[in-house]
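>>> Below: sequence and its predicted model.
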Amino acid sequence: MLAVDTWLPTEMPEYAKGFMYMLGSLTASSFVVLVVSGILLAMNGPAAWSHNPAMRFVAATHFWAVQAFFFFMMLHLWRVFLTGAWRGGRRLTWLLGAAAFLVAIPTAFTGFLINGDLYSQWNAVQAKDGLNAMGLAWVNLTNAGQMLGLHVAVLPLTLSVLIGLHITLVRLKGVVPPYPDTKAPSPPRKGHS
Amino acid sequence: MSAPADVTRDYALVPEDFVKHLVSTLVVVVAVVLLASLLFSLPEKPPLTIKEYATMHPVSFELMALRALDGTGDIANYGPPYNHGQGSVESPLQRQVGIIHPINAQSDFILKPVGMASEINPSVKGTLTRFETADARRRSGWESSYGPALSKGTYVHGSVLTSKGKFGPVPALLNDTLHLAQSGLMSGALIRNPAVITRFNNQNYLLFLQGAPLQTNPATQAMAGPNWGLIHPAINGYPGAWWMTIPTWIYQWPFVAAARASDALALSLGLLFWLTLALTPWIPGWNRLPRYLGIYRVIWRSFYRK
C-alpha cells in the first residue's frame, strides 16, 4: 500500500467526502508552505526581513502560513474528535496527531522568538519563568542562537516525523467509518470488508 | 481495541482523484497565504532598546541599575538557573536544575560594562575603583541610602542629580552607567563571550531590560499575563498565538493567578489538558462523548440519509 504506485488511494469510502475531509490535507499543505518559506528564510538569516523587502514578504508568508496551519489543524482536531476517529484500531493515529499538535506549539513559539521585534523580546523574558519553574531551564529562551537551532532544525524535524507517521497510519488504517446507525438501521448495501 | 460494534462496515467505496485533492488544498493555502501577506504584511513592533530606555527614562534607568547593583533586582535575586537568589524560585525542580546560566547582576550588568567604558574614558576609572575597593558593608550603606534620594532625582544636563548624602561613588557610577547606555554601547557590553567571535547568546541583554523597563512599557500591556496577553499580538488587529487559549485561560484562574508558582501551575495544568486530549481513546466515558453528542450525525448526514 505504501509503494509509490499505490501511496495515493484511487477510491475512498463514500462517507469521506466534502470539506470536513479536506482539513487534514489543508493542514499538511500549510506545513509544506511553512517548510518552503522557512527554507528561504533560513538561507538568508533570521534578521534579513528587517532590511530586505523581498525577505520581509517571505517572512510574512511564513507568519500567515503558521496561522493557516493552526487554523486548519484546529478544525481538523474538532472533526476527528467529534467523529470519534480513534475507533477501529486508530488509537495510535490519534496519539501521533496529538503529539504533533503539542510539538507544533514550541515550533511556532521559537519562531516568534527569533524574529527580534518587541513580541520576541517580551515573550522570551515572560515565558522563561514557566520553563525555569518546570526544570526546563536548559531551554534558554533568551539565547537567540539556541532558539534558532531549535526552530530551524530540531523542532521542525521532530514535527515532520510525527506528521509523516500520522499520515502513514491514516493511509494504512483508512479514515474512521461512521458509528453504526442504531436509530434507523439501513438495509444491507454493498459491504466493505 | 475498540469494540467492533463501534464502527459500521456498511459502506461503499467511491472513486477519488487524490492528486486533484492534494493539489487543490495546496493551491487554496498558497492563495490565502499570498493574499494575506500582500494585504497585511507582518505585525512588527520595534523592540525596546537599552539606549531608548536610558534616553527616555534616565531616572528609572538608574533606579533599575541600582537594583542590579544592590542585589534587589528581579534577576539579581532570581535564583536558579541564574544565581543563588530566592526571588523567583517556583519549584524544587527549578532548584534541582542548579545554576546553568550564571549571572552576577552587580558585576555582569553594571561593573563589567562600566569597566569597559573606563578604558576609553579614564575619568570613570576613579569612581569604579573607589566602589570596587570598598568593603561590602560600606557599599551596602551607600546603596541603601541612595535609593530614596534617587527616586526623587531629576535629570539635568545629561546626568541624574539628587539631594546630597553619604552615597560614596554610587551616584557617579550610576551616571556613568547611564551615559554608557545612552551611547548605545551597553548592549554590546552585555552580550559577551570572549571564547567565541559569534554573538548568538543575547541572554544578558534581554534580561537587563526584563523588569521595569518592559513591564511598565505601554506597548507591552496588552501582552501581559493578567490581560490574556499570551494570545495577544504586539500590534492590535493581527492574530496572535490564539492556539494557546487554554493555557492563557488557566493563567486567569484566581488560584493560579494568586499562586507564587503561577507559571509552573499554569503550564502543568495546560499539559494535563493536553494529556486528556492525547489519551482520549483510552479514557472510558470520555472516549464515548462524541457518540453521546451526536454531532457526527451532522458531519455524516448524507451517509445516514441513505
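Here it is on my side, so go on.
>>> Which residue, other than its chain neighbours, is closest to B:Gly147?
Excluding its sequence neighbours, the residue lying closest to B:Gly147 (CB to CB, 6 or more residues apart in numbering or on different chains) is B:Leu66, at 6.3 Å. Where you see a C-beta, it was placed from the backbone N, CA and C, and this is true even at glycine.
>>> how deep is that neighbour tucked in, by neighbour count?
For B:Leu66, the neighbour count with other CB atoms under 10 Å in any protein chain shown is 23.
>>> Surely it is in contact with B:Asn175?
No. Judged on CB atoms under 8 Å, B:Leu66 makes no contact with B:Asn175 at a distance of 11.5 Å.
>>> Phi and psi next, for the nearest residue to B:Phe18 once chain neighbours are set aside.
Nearest residue to B:Phe18, sequence neighbours excluded (CB to CB, 6+ apart): A:Leu8, at 4.1 Å. A:Leu8 adopts backbone torsions of phi -90, psi 130, taken as degrees, to the nearest 10.
>>> what about A:Leu8, neighbour count?
13.
>>> and what of B:Trp282?
Counted with other CB under 10 Å, the neighbours of B:Trp282 add up to 12.
>>> Apart from its neighbours in sequence, what residue is nearest it?
Leaving out its chain neighbours, the residue that sits closest to B:Trp282 by CB to CB, 6+ apart is A:Arg91, at 7.1 Å.
>>> what's near enough to touch the closest residue to chain A within the stretch 151-300 of chain B?
Residue of the stretch 151-300 of chain B nearest chain A, by CB to the nearest CB: B:Phe200 (2.4 Å). Shown in contact with B:Phe200 (CB atoms under 8 Å, 6 or more residues apart in numbering or on different chains): A:143-146, A:148.
>>> 10 Å instead, please
Residues near B:Phe200 by CB atoms under 10 Å, 6 or more residues apart in numbering or on different chains: A:143-149, B:191, B:193.
>>> surely B:Gln106 meets B:Pro113?
No. Counting by CB atoms under 10 Å, B:Gln106 does not reach B:Pro113; the two are 11.4 Å apart.
>>> Which one's more surrounded, those two?
Each of B:Gln106 and B:Pro113 has its neighbours counted (other CB under 10 Å); B:Pro113 has more, 26 against 17.
>>> what about the nearest residue to that one once chain neighbours are set aside, neighbour count?
What sits nearest to B:Pro113 in space, not counting adjacent residues and going by CB to CB, 6+ apart, is B:Ala189, at 3.6 Å. When neighbours are counted by other CB under 10 Å, B:Ala189 registers 21.
>>> Domain ranges for chain A, per the record?
A:18-83, A:90-175 (automatic domain parsing).
>>> got those domains as JSON lines, with mean neighbour count, mean pLDDT and distance to B:Ile295 columns?
Below are the domains of chain A laid out as JSON lines (neighbours: other CB atoms under 10 Å in any protein chain shown; pLDDT from 0 to 100; distance: least, CB to CB, whole Å):
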{"stretch": "domain A:18-83", "mean neighbour count": "19", "mean pLDDT": "97", "distance to B:Ile295": "5"}
{"stretch": "domain A:90-175", "mean neighbour count": "20", "mean pLDDT": "96", "distance to B:Ile295": "17"}
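>>> Which one, of these, ends up nearest to B:His57?
B:His57 lies closest, by CB to CB, to one member of the domains of chain A: domain A:90-175, at 16.4 Å.
>>> Name the SS class of the residue nearest to B:Leu42 when sequence neighbours are not counted, please.
If the residues on either side of it in the chain are set aside, B:Leu42 comes closest to A:Ala60, at 4.7 Å by CB to CB, 6+ apart. With DSSP: H, G, I helix; E, B strand; the rest coil as the basis, A:Ala60 sits in helix.
>>> How about the one 4 residues further on?
Following three-state DSSP, we place A:Trp64 in the helix state.
>>> In contact with it, which residues?
Applying CB under 10 Å, 6+ apart, the residues near A:Trp64 are A:30, A:33, A:37, B:29, B:32-42, B:239.
>>> check contacts around the closest residue to it other than its chain neighbours.
Spatial nearest neighbour of A:Trp64, chain neighbours left out: B:Ala36 (4.1 Å); criterion: CB to CB, 6+ apart. The contact partners of B:Ala36, by CB under 10 Å, 6+ apart, come to A:60-61, A:63-65, A:67-68, B:239.
>>> Which single one of these is nearest to B:Ser91?
B:Pro239 (32.3 Å).
>>> pretty sure that closest one is in contact with B:Pro233, am I right?
Yes. The criterion here is CB under 10 Å, and B:Pro239 meets it with B:Pro233 at 6.6 Å.
>>> what do these two both touch?
B:Pro43.
>>> Need the pLDDT of the residue nearest to B:Phe18.
With respect to pLDDT, A:Leu8 scores 88.
>>> Show the contacting residues for B:Leu34.
Taking CB under 10 Å, 6+ apart, one finds A:33, A:57, A:60-61, A:64-65 in contact with B:Leu34.
>>> could you say which helix or strand contains the residue nearest to B:Pro113?
Using DSSP states H and E, B:Ala189 sits in helix B:186-190.
>>> so how far is the following helix or strand past that helix off the chain centroid?
For helix B:186-190, the following helix or strand on the C-terminal side (DSSP H and E) is helix B:203-208. Relative to the centre of its chain, helix B:203-208 is centred 10 Å away, using CA atoms, centre = their mean, to the nearest Å.
>>> Report the next helix or strand after helix B:203-208 in sequence order.
Counting by DSSP H and E, what follows helix B:203-208 is helix B:212-215.
>>> Now that next one: buried residues?
Within helix B:212-215, the residues that count as buried by 16 or more other CB atoms under 10 Å in any protein chain shown are B:212-214.
>>> With adjacent residues omitted, what lies nearest to whichever residue of chain A sits closest to chain B?
Residue nearest to chain B within chain A: A:Gly145 (2.4 Å; CB to the nearest CB). Leaving aside its chain neighbours, A:Gly145 sits nearest to B:Phe200 (2.4 Å; criterion: CB to CB, 6+ apart).
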